[in-house]
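# After the sequence you'll find the predicted model.
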Amino acid sequence: GSELKPSASGICTALLVLLHRNAAAASGDGGGGLRLNFYSESCPRAEQIVKEQVRRLYEEHGNTAVSWLRALFHDCTVKSCDASLLLETDAATGLVSEQASPRSFGMRNFKYVGAIKSALERECPGTVSCADLLALAARDGAAMLGGPSPIPMRTGRRDATASQYGEVERYVPNHNDTVSAVLSRFAAMGLGAEAVVALLGAHSVGRVHCSNLVARLYPAVDGGFEPAYGAYLRGRCPTADAREDTRDVAYARNDRATPMVLDNMYHKNLLKGRGLLLVDQRLASDPRTAPFVKKMAADNGYFGETFAAALVRMSENGPLTGGQGEVRKDCRFVNAK
Ligand code: HEM
Ligand SMILES: *[C@@H]1O[C@H](CO)[C@@H](O)[C@H](O)[C@H]1NC(C)=O
């Protein structure tokens, strides 16, 4: 009979498990070692500092907020949200920056990461990772642009000590990829068609250079474009030979109507044949994605909720945690030994 009676220690264990579960739920432990407010003790003002800096930079250069969103995508999609994207080419170590990949073409504002990092280092040296900086900056950038807010972003990511330059083209989709290719890339991060349609809503802000457009404009305007819009884009990109290697290449804004607002104008535009990239426009016609495009075009609240959840999921792709990697002092370089 005594084995059937729960022992005092058994009850204690059960209670501890329960308490632990509740604590984990309250702190929002995602299970992957990331949690809400990871820096609550080591650097209580960390998230506030990032937000202040993102706001200050947005007020000086509005496009910085746009850049943080694209940067998080490019960092996380290539294996892990580990700030490998931020490492600069270093002849001494032979490291080649992911920023030098053709897929990173058009990325900008990396020079302002240092301002955010310095503010963090002043308050808590060597504590807040560059990977978390990117995730928080993307979250706060979205809010600056009128996107969904607040987005509960878990933290605790650690920084990579190597660039994944050689893998970038394999992991980051191209402007003219098929919907199948795009869906399978995102599925590898646990993101389904609905999440993909929401995340590409980031293309409701920012710009596209002509090198990514001319194949849809010359020799003839792609039938997927609304004719007047095709004519407008030809005006933005007057020659068929836009090249990536000229510094002052021409570009078109993703969204002429509200170019600096993160909203469902992207989805409304797709329904009118105003998607700039081939992948954008394909979302509106592929049966796996088209229903979500229509639903998001009709409901900005639904777009925002889906975008927020998908951004969090993307930001948790294969993070380094615990004792893995390091916390870089300068986001551009691996720490000195
Ligand atoms: C199939 C997936 C995607 C492809 C093929 C893609 C491709 C591109 C391309 C070609 C550009 C224009 C680059 C240029 O010419 O300057 C661009 C811009 C941009 N992308 Fe994406 N993208 C994808 C998904 C995403 C996601 C998931 C996000 C963020 C959540 C994102 C955020 C942005 C932003 C904000 C810009 C504008 C950047 C600026 O104006 O500085 N993209 N993307
Ligand atoms: C996609 O565009 C690139 C240039 O950006 C080009 O080299 C490639 O051939 C295109 N792929 C397809 C399938 O059209």
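Alright, I've got the coordinates. Ligands and ions are numbered 1, 2, ... in the order given.

# now the end-to-end length of stretch 329-337.
Stretch 329-337 has an end-to-end distance of 12 Å (CA to CA, to the nearest Å).

# neighbours of the closest residue to ligand 1 within the stretch 51-200 of the chain, just the number please.
In the stretch 51-200 of the chain, the residue that lies nearest ligand 1 is Gly106 (2.0 Å; CB to the nearest ligand atom). Any C-beta I mention is one placed from the backbone N, CA and C, and that applies to glycine too. When neighbours are counted by other CB atoms under 10 Å, Gly106 registers 16.

# what's the answer for the one 3 residues further on, then?
When neighbours are defined as other CB under 10 Å, Asn109 has 16 of them.

# Also Ser184?
Ser184, neighbours per other CB under 10 Å, totals 12.

# mind checking the backbone torsions on it?
phi -70, psi -30 (degrees, to the nearest 10).

# Return the distance of it relative to Tyr171.
12 Å (CB to CB, to the nearest Å).

# before we move on, what about Arg332?
For Arg332, the distance to Tyr171 - CB to CB - is 21 Å.

# So which residues of the stretch 201-337 of the chain form strands?
207-209, 251-253 (DSSP state E, counting those that start in this stretch).

# In terms of mean pLDDT, which of those strands ranks lowest?
Sorting those by mean pLDDT places strand 251-253 lowest, at a mean of 91.

# Relative to it, what are the paired strands and their orientations?
Note on strand 251-253: by DSSP bridges, its sheet partners are strand 207-209 (antiparallel).

# which of the residues in the partner strand are buried?
Neighbour-count burial for strand 207-209 flags 207-209 (criterion: 16 or more other CB atoms under 10 Å).

# Any idea how far that strand is from the middle of the chain?
17 Å (CA atoms, centre = their mean, to the nearest Å).

# near ligand 1 at all, that strand?
Yes - Strand 207-209 reaches ligand 1 (CB under 6 Å from any ligand atom) through 207-209.

# got it, and stretch 58-69?
Yes - counting by CB under 6 Å from any ligand atom, contacts between stretch 58-69 and ligand 1 involve 66-67, 69.

# Just put those in CSV and tack on pLDDT and secondary structure.
Formatted as CSV, the residues of stretch 58-69 next to ligand 1 follow (pLDDT from 0 to 100; DSSP: H, G, I helix; E, B strand; the rest coil):
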residue, pLDDT, secondary structure
Val66, 98, helix
Ser67, 98, helix
Leu69, 98, helix
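
# Kindly indicate which of the residues you listed lies nearest Asp90.
Taking CB to CB as the measure, Asp90 lies nearest Ser67 of those, at 22.2 Å.

# so who does the closest one touch?
107-110, 141 (CB atoms under 8 Å, 6 or more residues apart in numbering).

# now these: which count as buried?
Neighbour-count burial (16+ other CB under 10 Å) applied to these gives 109-110, 141.

# Show me those that map onto helices.
Using DSSP state H, Gly141 are the members of the buried ones among the contacts of Ser67 that sit in helices.

# Which residues of the stretch 201-337 of the chain lie near ligand 1?
Residues of the stretch 201-337 of the chain lying near ligand 1 by CB under 6 Å from any ligand atom: 202-203, 205-209, 212, 277, 279.

# now with 8 Å?
Contact residues, the stretch 201-337 of the chain versus ligand 1 (CB under 8 Å from any ligand atom): 201-203, 205-213, 251, 254, 277, 279, 307, 311, 314.

# Buried subset of these as a ChimeraX selection?
ChimeraX command restricting those to the buried ones, with burial defined by 16+ other CB under 10 Å:
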select :201,202,203,205,206,207,208,209,210,211,212,213,251,254,277,279,307,311,314
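
# For Leu136, which non-adjacent residue is closest in space?
What sits nearest to Leu136 in space, not counting adjacent residues and going by CB to CB, 6 or more residues apart in numbering, is Val50, at 4.3 Å.

# Mind pulling up the pLDDT for the one you found?
The model's pLDDT for Val50 equals 98.

# which secondary structure element contains Arg70?
Assigned by DSSP states H and E, Arg70 belongs to helix 63-77.
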